[in-house]
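**Student:** I need the structure of the sequence given here:
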Amino acid sequence: MKKNLKTKIASIIAIMVVFIYGIIGIPSGVSGKALMEAMTQRIHLGLDLKGGAHLILQVKVLEAVNDETDNTAARIQEDLKGAHLTFSQVFKPSPLKADGTGQPQTIRVEGVTADQQSAVRSLLDSKYGSEYDIAGNGDNSMTVTMKPMVETALEKRTVQQAIDTIRDRVDTLGVSEPVIQQYGLGDNQILVELPGISDLDRVKSIIQSTARLEIHAVIGGPYPDEQSALASVGGVVPADEEMVHFSGMTGSDADSVYILQRVSVVKGNDFRSADPGTNPNTGQRNVQFTLTNEAGDRFYQYTRANVSRSMAVVLGGRVREVASIREPIRDRGEIEGSFSQEEVTNLSKLLSSGALPASLTYLEQRTVGASLGADSIREGVTAAVVGLVVVLIFMLVYYRGAGINADLALILNLVILLGFMGFSTATLTLPGIAGVILTIGMGVDSNVLVFERIREEIRAGKAAAAAVEQGFAHAWTTIFDTHVTTIVSAAILFVFGTGPVKGFATTLVVGLCANLFTAVFVSRVIFDSHLNKLKPGQMVSI
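**Tutor:** Numbering: from 1, shown residues only. As a prediction, this is how the structure comes out:
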């Protein structure tokens with residue numbers, strides 16, 4: 001038994017050494033300052049402790065639906081032409097407007113002759129029936145409407161794509177432990193927390209709502225105002241075209257209007273890479289880009305068929321540059337204009353990290369100052385230390401010798417918890433400190449259950465060894481039940497909570513798991529070690 005006890009003690013010491021390493025690693029010295037620096041390098045602080053930027057973004061998922069049905073309308077038109085079927089136009093009766101209104105899910109095919117209704121219906125069903133509901137209207141037209149399940153899946157995919165793209169862009173800021181995740185339930189919102197970042201404008205320049213870049217064919221323009229643009233198309237913009245305002249890269253207040261083909265030739269996710277550069281002949285800054293293979297083939301076919309015509313670079317729903325096509329372009333090209341150095345750098349980063357599938361709006365934006373974070377750390381750590389010291393003293397006074405046992409188990413519990421934070425690079429938040437404090441309380445509760453049960457066994461006249469044995473055996477079920485139910489609750493908080501709430505749930509779950517180990521195994525080993533030193537008939541101090 002003594003040999004087995006020595007093995008258990010050695011394993012406890014080894015575990016303690018491993019987790020102490022997790023907290024401080026190999027420090028540069030043994031001074032308090034050196035140990036604190038080593039700890040801060042291993043345990044990352046969250047936004048509420050370190051300071052930084054907090055953003056809640058709304059994804060305009062209808063834009064992705066609008067883009068998808070735009071492309072579908074263009075494909076339907078090409079399919080009908082290829083099958084030599086008669087129709088007058090394929091358009092969307094209510095495309096998405098600038099104010100976010102409209103029903104972009106619906107496409108209308110008009111001018112289908114009576115004798116070709118069946119053939120058109122068959123073609124649409126075979127190619128689009130899995131994603132769209134096809135309906136005849138009885139007036140030589142058909143309606144193609146995106147199925148609700150398909151629309152919901154597209155919206156979810158759009159939000160996830162936006163999260164992935166934002167994460168790629170945030171990586172260019174060099175932020176440690178950013179939080180980028182879906183926020184709310186079904187609201188198409190994204191939470192972004194960037195510890196250590198205080199320049200909110202810089203963040204917004206990288207994660208901006210105007211970051212969707214597309215290249216469109218120019219139908220007409222520039223026009224001095226919308227009235228002139230409308231007059232050029234007979235007062236009504238055709239369904240497959242759109243009116244877009246010009247806003248130059250220099251930020252000039254001068255405004256003009258272009259009529260563009262609605263479906264883009266190339267859009268953001270068609271770019272494979274992009275790098276800032278300078279035209280050696282003109283000295284103007286530019287962005288040199290490379291397209292994906294598929295997009296390169298498509299762009300080559302378009303530019304070959306439209307040499308000497310114009311195409312517009314649209315960024316964030318506004319024309320930023322208009323270029324003339326001098327020769328066919330396959331997979332390499334450049335966007336040149338009156339860019340500042342920062343604009344060239346930012347635009348190349350945006351294209352390299354991929355396009356946002358839909359625009360973003362800011363629902364909430366704020367920064368947490370470093371001084372506030374320092375106050376939170378000081379007050380949180382003070383609360384934890386004071387709480388721990390009071391508990392340790394109480395256990396010593398109330399349970400006498402056995403209180404030392406409980407105190408050692410509590411200290412090891414904290415070592416395991418902080419060591420796990422260091423090994424896992426989890427982020428410690430202010431609610432996380434609250435989780436640490438709650439873990440201390442749960443640890444005390446476990447020891448109280450065991451100690452009181454041992455006292456009962458002693459009062460029943462049992463010997464010290466038997467009392468300890470029965471105390472742990474009977475208290476184990478209660479300890480296990482309370483810990484499992486609390487862990488389940490914390491797991492639910494982790495799944496559905498945001499960053500700080502997840503920090504609380506993480507520390508609580510890890511602390512509870514550590515407490516099961518220390519309150520039952522470690523405390524029992526300490527008791528057994530003490531029992532081996534007792535004289536026959538001598539009782540434990542409890």
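**Student:** can you give me the helices for the stretch 1-150 of the chain?
**Tutor:** Taking DSSP state H, counting those that start in this stretch as the test, the helices found in the stretch 1-150 of the chain are 2-24, 32-42, 47-50, 61-82, 117-128, 148-171.
**Student:** Go through these and name the closest to Ser324.
**Tutor:** Proximity to Ser324 (C-beta to C-beta) singles out helix 61-82 among the helices of the stretch 1-150 of the chain, at 23.9 Å. The C-beta positions use only the backbone N, C-alpha and C, and glycine is treated the same way.
**Student:** Packing partners of the closest one?
**Tutor:** Secondary-structure packing of helix 61-82 (3 or more C-beta pairs under 8 Å, 6 or more residues apart in numbering; DSSP states H and E): strand 89-91, strand 106-110, helix 117-128, strand 141-146, helix 148-171.
**Student:** Try it again at 10 Å.
**Tutor:** Other helices and strands packing on helix 61-82, by 3 or more C-beta pairs under 10 Å, 6 or more residues apart in numbering; DSSP states H and E, are strand 89-91, strand 106-110, helix 117-128, strand 132-136, strand 141-146, helix 148-171.
**Student:** Restrict the last one to CA atoms and write it as CSV.
**Tutor:** When you say that, I think you mean helix 148-171. Output of helix 148-171 as CSV, limited to C-alpha atoms (Å, rounded to 0.1, in the frame of the first residue of the first chain):
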residue,chain,number,x,y,z
PRO,A,148,-37.1,28.8,-49.3
MET,A,149,-34.8,26.0,-48.2
VAL,A,150,-32.3,27.0,-50.8
GLU,A,151,-32.5,30.6,-49.8
THR,A,152,-31.9,29.8,-46.1
ALA,A,153,-28.9,27.6,-47.0
LEU,A,154,-27.5,30.4,-49.1
GLU,A,155,-27.9,32.9,-46.3
LYS,A,156,-26.2,30.6,-43.8
ARG,A,157,-23.4,30.0,-46.3
THR,A,158,-23.1,33.8,-46.9
VAL,A,159,-22.7,34.5,-43.2
GLN,A,160,-20.0,31.8,-42.8
GLN,A,161,-18.2,33.0,-45.9
ALA,A,162,-18.2,36.5,-44.4
ILE,A,163,-16.8,35.2,-41.1
ASP,A,164,-14.0,33.3,-43.0
THR,A,165,-13.2,36.4,-45.1
ILE,A,166,-13.1,38.7,-42.1
ARG,A,167,-10.8,36.3,-40.3
ASP,A,168,-8.4,36.3,-43.2
ARG,A,169,-8.4,40.1,-43.3
VAL,A,170,-8.0,40.4,-39.5
ASP,A,171,-4.9,38.2,-39.8
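**Student:** Quick one: mean pLDDT for it?
**Tutor:** Here helix 148-171 scores 86 as its mean pLDDT.
**Student:** after that helix, next one along is what?
**Tutor:** Sequence-wise, the next helix or strand downstream of helix 148-171 (DSSP states H and E) is strand 179-183.
**Student:** Quickly list what Gln58 is bridged to.
**Tutor:** Counting by DSSP bridges, Gln58 is bridged to Gln189, Thr361.
**Student:** burial of it, as a residue count?
**Tutor:** 19 (other C-beta atoms under 10 Å).
**Student:** longest strand anywhere in the protein?
**Tutor:** Criterion DSSP state E: the longest strand present in the chain is strand 213-223.
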